[in-house]
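J.: I need the structure of the sequence given here:
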Amino acid sequence: MNLEIFFKEKKNLAILSIFFLVVLTIFIIIYFETKNEYKYEQEEYLIQIGFFEDYLTKFTELDEKIISEMVGGLLFLYKEIPEIIDKVSAIELLAIGIVETNFKNIKGDNGNSLGYFQIQAPTYWYLKYEYLDIYENIDFLLPWYWDNVEGRADVQIITAALYLYDLKIRYGEEMAYSMYNGGSETYEDKITYTMSWLNVKYDQYTSSRNTFQGEIIPEKAF
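T.: Predicted structure coming up:
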């Protein structure tokens, strides 16, 4: 074999090997960066739920059982409909609960709005029709009466989350908060303001992951 041809083939083979090695390296880097980003996104909602639980424990009168039911209901919903994770955050639900009742389990609007998130019967019936599997899985197909709703914190938060999710799909992110309360811009302002200071608290929470830094006094929604 001609030595010139032999070395030329060797050179081409070496260049080809280097090319494939570079491509493989780039592929591996992209794979792990994407994997880490996905892992972060998946963990972010869990951190928010941790903040939700921590806030309710420290700044409301809810007992451990009720808080656990709410957290369990939210985790269940995220598992059943993962796309809700990107649409409805635990912080948003925390803001709605604060603005609506400050997490008091009460009847409002002359008895038409029930529970921590003040859901009305027509809203529930609509959501049950749209998401029947969810309500079947949590064993709740009863009418939206106080006696049925009062002791089901999981049902209440699932219904509130589904309602906000549905509003965002139908009306978009910008109008969802106002439509939660019949199109009230004042209500939207209250939610937005509450979200702003909750996000500050959340940043403080994530800096330590387990405890708030310093003494934090919850602000009023309005």
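J.: nearest residue to Ser89 in space, please, no chain neighbours.
T.: Gln48 (5.5 Å; C-beta to C-beta, 6 or more residues apart in numbering). No exception for glycine: its C-beta is placed from N, CA and C like everyone else's.
J.: surely the one you found touches Ala90?
T.: Yes - the pair Gln48 / Ala90 is scored as a contact, 4.2 Å apart, by C-beta atoms under 8 Å.
J.: and these two? Which one has more around it.
T.: When Gln48 and Ala90 are compared on other C-beta atoms under 10 Å, the one with more neighbours turns out to be Ala90, at 26 against 21.
J.: how far away is that one from Ala161?
T.: According to C-beta to C-beta, to the nearest Å, Ala90 and Ala161 sit 9 Å apart.
J.: shared neighbours, the two?
T.: Counting by C-beta atoms under 8 Å, 6 or more residues apart in numbering, the contacts common to Ala90 and Ala161 are Leu74.
J.: and the most centrally placed residue in the chain, its phi and psi?
T.: In the chain, the C-alpha nearest the mean C-alpha coordinate belongs to Ser89, at 2.5 Å (C-alpha atoms, centre = their mean). For Ser89, the backbone dihedrals (degrees, to the nearest 10) come out as phi -100, psi 160.
J.: am I right that it is in contact with Ile47?
T.: No - Ser89 sits out of contact with Ile47 when judged by C-beta under 8 Å, with a separation of 10.5 Å.
J.: what ranges does the protein have for its helices?
T.: Ranges of helices in the chain, per DSSP state H, are 3-59, 64-80, 90-101, 121-130, 132-137, 146-149, 153-171, 173-180, 185-208.
J.: could you tell me the least trusted of those helices?
T.: Of all the helices of the chain, the minimum mean pLDDT falls on helix 3-59 (a mean of 66).
J.: rewinding a little: how close does the residue nearest to the centre of the chain sit to Leu74?
T.: 10 Å.
J.: likewise Leu198?
T.: Leu198 sits 16 Å away from Leu74, taking C-beta to C-beta as the criterion.
J.: Thr194 now?
T.: If you measure Thr194 against Leu74 using C-beta to C-beta, the figure is 18 Å.
J.: now Ile91
T.: With distances taken as C-beta to C-beta, Ile91 is found 12 Å from Leu74.
J.: between these two, which contacts overlap?
T.: Applying C-beta under 8 Å, 6+ apart, one finds that Ile91 and Leu74 are jointly contacted by Phe52.
J.: higher neighbour count, those two?
T.: In this comparison of Ile91 against Leu74, neighbours counted by other C-beta under 10 Å, the higher total goes to Leu74 at 25 against 20.
J.: for the more buried one, list the residues it contacts.
T.: 49, 52, 90, 93, 157-158, 161.
J.: TSV for those residues, including distance to Tyr187?
T.: Below are those laid out as TSV (distance: C-beta to C-beta, whole Å):
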residue	distance to Tyr187
Ile49	24
Phe52	21
Ala90	20
Leu93	15
Ile157	19
Ile158	21
Ala161	18
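J.: pick the one among those closest to Asn105.
T.: Among the contacts of Leu74, Ile157 lies closest to Asn105 (C-beta to C-beta), at 11.5 Å.
J.: surely that closest one meets Phe117?
T.: Yes - distance between Ile157 and Phe117: 7.0 Å, which falls inside the contact criterion (C-beta under 8 Å).
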